[in-house]
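Undergrad: Sharing a sequence plus its predicted fold:
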Amino acid sequence: MEDCTRLATDRGWSVAETYVDNDVSASTGRRRPEYERLLDDIKRDRVSALVVWDIDRLTRTPAELETLIDLAEAHGVALASVGGEVDLGTPQGRLTARIKGSVARHEVEQSSRRLKRKFLERAESGLSHGKVAYGYVREPVIDETGTVRGYTELLHPEQAAVIQTATKRILAGEPLRAVASALNETGSMSPSGKPWSGTTLRQVLLRDRNAGRRVHQKQVIGKGNWPAILDDDSFDRLVALLRDPRRRTGNNGGVKHLLSGIAICGNCGERLRGAAEHRYGKKKQPRSYACQNCYKVRRKADAVDEVVEALVIARLERPDAADLFAGDSDAMTRATSEKLAIEARLDLLADQFADGLITGSQLERGTARLRPKLAEVEAQIIAASPSPEYAELVGPGVRARWEGQSLDRKRAVIDALMRVTVLPSGAGQRFSPEQVEFEWSL
């Protein structure tokens, strides 16, 4: 600014307006509001002369330069440059501007190429990039002379514990929003310093770096040189669970009934919904499960819950209960292999589109066919994965431990273990356990 103002004074020009796009490079392609305002003022004949520090501070693309040359010629704008004379009013001056612009563009491209290669080299070496992520701290590496030779990333104990705890609770069946609310109750804050939301928690949990994986250009290319917060198995199960399109995304944290949305109507097959206790005049209607589709089934919730919980506890007390949550390694291996094959086909489609071998509509059609298959095998991976989070719920003494579980966790276990159907009965019939049918899923 000082140099440009001095040059304007030397020319006898009074500075009527300044245009400053601070920290916005002329070579990135990002929008430059002040540059756009300058062009608009030239078009409106509000500018008779323009002073720049150098032509490559003004523009670094040939297309922009040609636009500027046309405007200067059409509106008679003089141009002065601290970095050297450029008279856009003469053929020689325009040639000089074009040469300087081309050289500047070449420098940008060379710099970009070097930076991209350097970023790839760092990524392949497992080095971190960017600001410190939630769950980590960055410490300097100092040699014997006291000189900083680099940085290393270590776990932030409290933040890493938040990620580990949240992962365990979600894998145990708790909804994101419920886990976020629980974190807020402890006084924990999100990376932005604000209370946790389900969306923010999901974004943090889905980061590959939590499993110690280095990502470059949205692809995992190897292990990072930082400690992992989660083991590979837990992280992969968490990702598959959170990205499962069939996962209920409503406000599950607000469910107040054990079997609401889980138990099935024995008349029409729809899911039963829980209804809170309420009164009709002097009559009291107890808490119940009812079908809101056919209205043929309504049962006292406490009675149905008692039957189902007794069945679950009895199943978890059996000697083979530990096998319920051991998973199916063969099925998981098959599903994982199929998942990798589908992802490879998606990558191939993307490469073929980039190389011009297929059209955009062909890419879209192929992707649309593969995405449902990918979602299906990811669901198979979840079903076949071991669930160590439930290990404490098997063996002797289950009843006492069951009573201490959260409603969300109980619901997740029931949903995984069995299919519950509540049968209709005639008017005035008292409840009996036989009106609750069940089929074990595990």
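TA: That came through fine.

Undergrad: In contact with residue 80: list those residues for me.
TA: Contacts were defined as Cβ atoms under 8 Å, 6 or more residues apart in numbering; by that measure residue 80 touches 7-8, 11, 13, 49-52. (Glycine included, C-beta is placed from N, CA and C.)

Undergrad: I misspoke; the intended subject was residue 212.
TA: Contacts of residue 212 (Cβ under 8 Å, 6+ apart): 223-224, 226-229.

Undergrad: Per-residue pLDDT of it, please?
TA: pLDDT recorded at residue 212 is 90.

Undergrad: Can you give the distance of stretch 187-200 from its chain's centre?
TA: With Cα atoms, centre = their mean, to the nearest Å as the basis, stretch 187-200 stands 14 Å off its chain's centre.

Undergrad: Strands of the chain, residue ranges please.
TA: Along the chain, the stretches classed as strands by DSSP state E are 49-52, 78-81, 136-142, 148-155, 213-216, 219-223, 264-265, 273-275, 278-280, 283-285, 288-290, 298-300, 418-422, 436-440.

Undergrad: Find the centremost residue of this protein, please.
TA: Central residue of the chain (Cα atoms, centre = their mean): residue 203, 3.8 Å from the mean position.

Undergrad: Identify the residues contacting residue 21.
TA: Counted by Cβ under 8 Å, 6+ apart, residue 21 has contacts 32-35.

Undergrad: quick one on the thing from earlier: could you flag which of the contacts of residue 212 are buried?
TA: Among the contacts of residue 212, those scoring as buried are 224, 226, 228-229 (criterion: 16 or more other Cβ atoms under 10 Å).

Undergrad: who touches residue 49 in this structure?
TA: Contacts of residue 49 by Cβ under 8 Å, 6+ apart are 8, 11, 13, 77-80.

Undergrad: no wait, residue 366
TA: 345, 349, 358.

Undergrad: Just to check, the first one is in contact with residue 370?
TA: Yes. Contact between residue 345 and residue 370 holds when scored by Cβ atoms under 8 Å: they sit 6.0 Å apart.

Undergrad: Run a quick neighbour tally on residue 390.
TA: Residue 390 has 22 neighbours, counted by other Cβ atoms under 10 Å.

Undergrad: nearest residue to it other than its sequence neighbours?
TA: Nearest residue to residue 390 in three dimensions, chain neighbours excluded: residue 325, at 4.6 Å (Cβ to Cβ, 6 or more residues apart in numbering).

Undergrad: which residues sit in contact with the one you found?
TA: Going by Cβ under 8 Å, 6+ apart, residue 325 touches 386-388, 390-391, 394, 442.

Undergrad: if we can go back for a sec, among the contacts of residue 49, name the buried ones.
TA: By 16+ other Cβ under 10 Å, the contacts of residue 49 give 8, 13, 77, 79-80 as buried.

Undergrad: quick revisit: out of the contacts of residue 80, which one sits closest to residue 329?
TA: residue 52 (67.1 Å; Cβ to Cβ).

Undergrad: What are the neighbouring residues in contact with that closest one?
TA: By Cβ under 8 Å, 6+ apart, residue 52 lies in contact with 4, 58, 79-82.

Undergrad: Generate a PyMOL selection restricted to the buried entries among the contacts of residue 366.
TA: Under the burial definition 16+ other Cβ under 10 Å, those of those that qualify are selected in PyMOL by:
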select buried, resi 345+349+358
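
Undergrad: Let's have the contacts of residue 366 in CSV, adding distance to residue 432 and pLDDT.
TA: Listed next are the contacts of residue 366 as CSV, based on distance: Cβ to Cβ, whole Å; pLDDT from 0 to 100:
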residue, distance to residue 432, pLDDT
345, 54, 89
349, 57, 87
358, 62, 88
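
Undergrad: Quick one: the contacts of residue 366 as JSON lines, columns for distance to residue 320 too.
TA: JSON lines is the format used below for the contacts of residue 366 (distance: Cβ to Cβ, whole Å):
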{"residue": "345", "distance to residue 320": "40"}
{"residue": "349", "distance to residue 320": "45"}
{"residue": "358", "distance to residue 320": "52"}
